[in-house]
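Student: need a 3D model of the following:
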Amino acid sequence: PQAKVKSIKWCRWDEDRCRDPKHRRSAPWNPLGGTRSVGTRSVELAPRNPLRGTRSVGTRSVRNEPSLCAGSALLMTCAKHQMNLSRTRTMSRDLKSVLVTTVLQLEEIDVGLYRGKNYWVPLSRRLFGGQIIGQALVAAAQSVDDHLFAHSLHCYFVRAGDPGIPVLYKVDGIRDGRSFCVRSVKAIQHGEPILVLQASFHMDQPSSLQHQFSMPEFSREVTTEPKRMFWVRARGHIGEGNMKLHGCVAAYISDFSFLGTMLTPYAVKRVKMMASLDHAMWFHNTFRTDEWMLYEVESPWAGGSRGLVQGRLWRRDGVLAASCSQEGLIRLKASKEQSKL
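Tutor: Coordinates of the predicted model:
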């Protein structure tokens, strides 16, 4: 029988606090928005390091770190990493079939108009930005030919999402060329856009010009730099060749545990507000989101209640799969002056 999983409440601003027993609660808090969810696990974050046999969070590798699993497809929640591997391998529902009926599902209402489904009510009372990005990219991808794949996307979060009503996605064709297609997508609620996304699709072409940064080495040392690394994969099976689906899943995951990276060097306990302002993503090489990838996240700058975060998704063989960047708004609660006595 599978071991019982103890629940831990995760603090968005300090993942290390989750190991402190005084912060445990009766059910795990969803770092994507607060949902407490149970059921089939479909996504793992911060799991056992597949290259070294340790579990990793931030820029250090330690054993028995909490992993992030899914209550339903791609809905990540936190629990101790005690999973039954044989049960995982024999899951009857693969990820592709789950995605069709859960967080990335869209209903086509008219030509270029889609409606999102299956949103949850987070404690923050806002929709998770990664889900809106993923669904917007799904809508854009459905309007281009099968031989074209997303190579970049840029989007702005202009309003907070209301989890109580569906999101409408309106797709406009900007350009249709031989090698490139550009689509603009508006995510709409209450008659107003909550996200504006532009995605460019490209036909794969061979080239003799190839270079990339080297994949970083994992560090076991505790660091105060604004940087994190963790392993991520989708639980289930998607298979090779379906790059449109892999790209949408990667877009969903890319917004997870992103902005909080800029708080890593600080003992911050007074976060009043944290919100994404924009998001950009570039796809460099083919990859599979159902295989382990290293997510390297760092914050090169923060100031004026804003901060910049950059991320890179690496395949296990050292190939750079995708890059992303985001500017976010972070406001802290006013600090109370301590007594000098």
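Student: find the nearest non-adjacent residue to residue 127, please.
Tutor: residue 161 (3.0 Å; Cβ to Cβ, 6 or more residues apart in numbering). Heads up, the C-betas are built off the backbone N, CA and C, glycines and all.
Student: surely that neighbour forms part of a strand?
Tutor: No. Per DSSP: H, G, I helix; E, B strand; the rest coil, residue 161 lies outside any strand segment and is coil.
Student: is residue 200 in a bridge, and if so with what?
Tutor: residue 152, residue 182 (DSSP bridges).
Student: thinking again about what came up before, what's the local residue count around the residue nearest to residue 127?
Tutor: Residue 161: 23 surrounding residues under other Cβ atoms under 10 Å.
Student: again with the one 5 residues further on
Tutor: Residues within reach of residue 166, counting by other Cβ under 10 Å, total 16.
Student: sorry, back to before: tell me the contacts of the residue nearest to residue 127?
Tutor: Neighbouring residues of residue 161 by Cβ atoms under 8 Å, 6 or more residues apart in numbering: 126, 127, 129, 132, 167, 187, 189, 194, 195.
Student: apply 6 Å and report the result again.
Tutor: Residue 161 is in contact with 126, 127, 194, counting by Cβ atoms under 6 Å, 6 or more residues apart in numbering.
Student: who wins for most neighbours among these?
Tutor: Result: residue 127 is most packed of the contacts of residue 161 (other Cβ under 10 Å), 27 neighbours.
Student: I figured it hits residue 164, correct?
Tutor: No. Residue 127 is beyond contact range of residue 164, at 9.9 Å (criterion: Cβ atoms under 6 Å).
Student: between those two, what contacts are shared?
Tutor: Between them, residue 127 and residue 164 share no contacting residue, judged by Cβ under 6 Å, 6+ apart.
Student: can you tell me which of the contacts of residue 161 are in strands?
Tutor: residue 194 (DSSP state E).
Student: residue 113: which of the contacts of residue 161 is nearest?
Tutor: Within the contacts of residue 161, proximity to residue 113 (Cβ to Cβ) peaks at residue 194, which comes in at 15.7 Å.
Student: can you tell me how far the closest one is from residue 152?
Tutor: Separation of residue 194 from residue 152 (Cβ to Cβ, to the nearest Å): 21 Å.
Student: please identify the helix or strand for residue 245.
Tutor: Using DSSP states H and E, residue 245 sits in helix 243-254.
Student: so which elements touch that helix?
Tutor: When contacts are defined as 3 or more Cβ pairs under 6 Å, 6 or more residues apart in numbering; DSSP states H and E, helix 243-254 sits against helix 129-141.
Student: can I get the helix it packs on in CSV? Just the C-alpha atoms.
Tutor: This file holds the C-alpha atoms of helix 129-141, laid out as CSV (Å, rounded to 0.1, in the frame of the first residue of the first chain):
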residue,chain,number,x,y,z
GLY,A,129,-1.2,33.0,-15.0
GLY,A,130,0.5,29.8,-16.4
GLN,A,131,-2.9,28.3,-17.1
ILE,A,132,-4.0,31.4,-19.0
ILE,A,133,-0.8,31.4,-21.0
GLY,A,134,-1.1,27.7,-21.8
GLN,A,135,-4.7,28.0,-22.9
ALA,A,136,-4.0,31.1,-25.0
LEU,A,137,-1.2,29.2,-26.8
VAL,A,138,-3.5,26.2,-27.4
ALA,A,139,-6.0,28.6,-29.1
ALA,A,140,-3.2,30.1,-31.2
ALA,A,141,-1.8,26.7,-32.2
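Student: can you give me the buried ones in that helix?
Tutor: 129-141 (16 or more other Cβ atoms under 10 Å).
Student: can you redo those as CSV with pLDDT and distance to residue 205?
Tutor: Below are these laid out as CSV (pLDDT from 0 to 100; distance: Cβ to Cβ, whole Å):
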residue, pLDDT, distance to residue 205
129, 87, 32
130, 88, 29
131, 88, 31
132, 92, 31
133, 93, 26
134, 91, 26
135, 93, 28
136, 95, 26
137, 94, 21
138, 92, 24
139, 94, 25
140, 95, 20
141, 93, 19
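Student: shaky segments in the stretch 201-341 of the chain?
Tutor: The stretch 201-341 of the chain contains residues with pLDDT under 70 at 208-211, 218-224, 267-269, 335-341.
Student: and residue 272, which of the three is it?
Tutor: Secondary structure state of residue 272, per three-state DSSP, is strand.
Student: correction: the previous question concerned residue 185.
Tutor: Residue 185 ends up strand, using three-state DSSP.
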